[in-house]
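Peer 1: Build the 3D model from these lines:
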Amino acid sequence: MLNSIYRATEGEGIHVGTPQVFVRFQGCNIGCVNCDSTDTWEFEDLLGMTMEKVLVDVHEKANKGRIRRVSITGGDPLHPKHVPMVKKLVRELKARRYFINLEASGARLVHEVFDAIDFISFDYKTPSTGVKTPLENIKQLAEQYQGRFQIKSVIENEDDFRYVLRAAEQLGDFDFPWVLTPAFNLGELLPFERFKKIIQWNEESGALFRVIAQQHKVIHGAEKKQV
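Peer 2: All right, here's what the predicted structure looks like:
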């Protein structure tokens, strides 16, 4: 069940600005209230492509293989309906020596996928999303995938920031990257004041996090897709 395959630079997290091919799965039942990709929620196969055609398209979008990074995203690529195809896709991409990042919602750990990829971008949901991420999931990542993951949290307001700060304090001294992404919602202009407040709160609280904007939204606005 695929939504799209396209080339773009990574727009968020510690790999921001890195050219790669995105393979976006179609289907998600997590239901974040501030989701900017609700068009990916319904479970349907918009592309109708065989695995062979998917791999050909990735190769073409990667400038005939010269770009060596692929990001698997969604929707929710770790939903049980998607996992068999994700596992097959990962196996085929690794055979072709691509670096694979996977965007995980934070709702579940799928070790047979995580063990096979290079990097995990894992969400820790904040109150403004209406979804809760088990802190135990982050503890397991830290134990099993050190150096191979980042945590990302979208911050809408001070309540979101304090929520993430409490979680970080519960974890104690952690040595993985935890990125705060200032919310840049559909219909908004670039929210400069929100950015500045999050930077201030982080510095006043001991600078535990990295504050990184969504580059694609800064450049193209909040509405544009596949950038």
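
Peer 1: For the residue located most distally from the centre of the chain, give me the backbone phi and psi.
Peer 2: For the chain, the largest distance from the centre (CA atoms, centre = their mean) belongs to residue 204, which lies 26.8 Å off. Note on residue 204: backbone dihedrals following degrees, to the nearest 10 are phi -70, psi -20.

Peer 1: For beta bridges, what are the partners of the residue most central in space within the chain?
Peer 2: In the chain, the C-alpha nearest the mean C-alpha coordinate belongs to residue 103, at 3.5 Å (CA atoms, centre = their mean). For residue 103, the beta-bridge partners are residue 121 (DSSP bridges).

Peer 1: my read: it touches residue 77, true?
Peer 2: Yes. Counting by CB atoms under 8 Å, residue 103 sits close enough to residue 77 to count as a contact (7.0 Å). Every residue, glycine included, has its C-beta placed from N, CA and C.

Peer 1: Just the residues contacting the lowest-mean-pLDDT helix or strand in the chain, thanks.
Peer 2: When each helix and strand of the chain is scored by mean pLDDT, DSSP states H and E, helix 215-220 comes last, with a mean of 91. Here helix 215-220 makes contact (CB atoms under 8 Å, 6 or more residues apart in numbering) with 8-12, 16-17, 184, 190, 224, 227.

Peer 1: So how do I select the buried members of those residues in ChimeraX?
Peer 2: Applying 16 or more other CB atoms under 10 Å to the contacts of helix 215-220, the buried members can be selected in ChimeraX as follows:
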select :8,10,11,12,16,184
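
Peer 1: Turn the contacts of helix 215-220 into TSV, including secondary structure.
Peer 2: TSV is the format used below for the contacts of helix 215-220 (DSSP: H, G, I helix; E, B strand; the rest coil):
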residue	secondary structure
8	strand
9	strand
10	coil
11	coil
12	coil
16	coil
17	coil
184	coil
190	coil
224	coil
227	coil
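
Peer 1: and which of the contacts of helix 215-220 is nearest to residue 210?
Peer 2: Minimum distance to residue 210 across those is 10.2 Å, recorded for residue 16 (CB to CB).

Peer 1: where do the helices sit along this structure?
Peer 2: Secondary structure of the chain (DSSP state H): helices at 51-61, 83-95, 111-114, 135-144, 158-171, 192-204, 215-220.

Peer 1: Could you dump the ones you listed into CSV with distance to residue 41 added?
Peer 2: As requested, those are exported to CSV (distance: least, CB to CB, whole Å):
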stretch, distance to residue 41
helix 51-61, 21
helix 83-95, 18
helix 111-114, 21
helix 135-144, 22
helix 158-171, 22
helix 192-204, 26
helix 215-220, 20
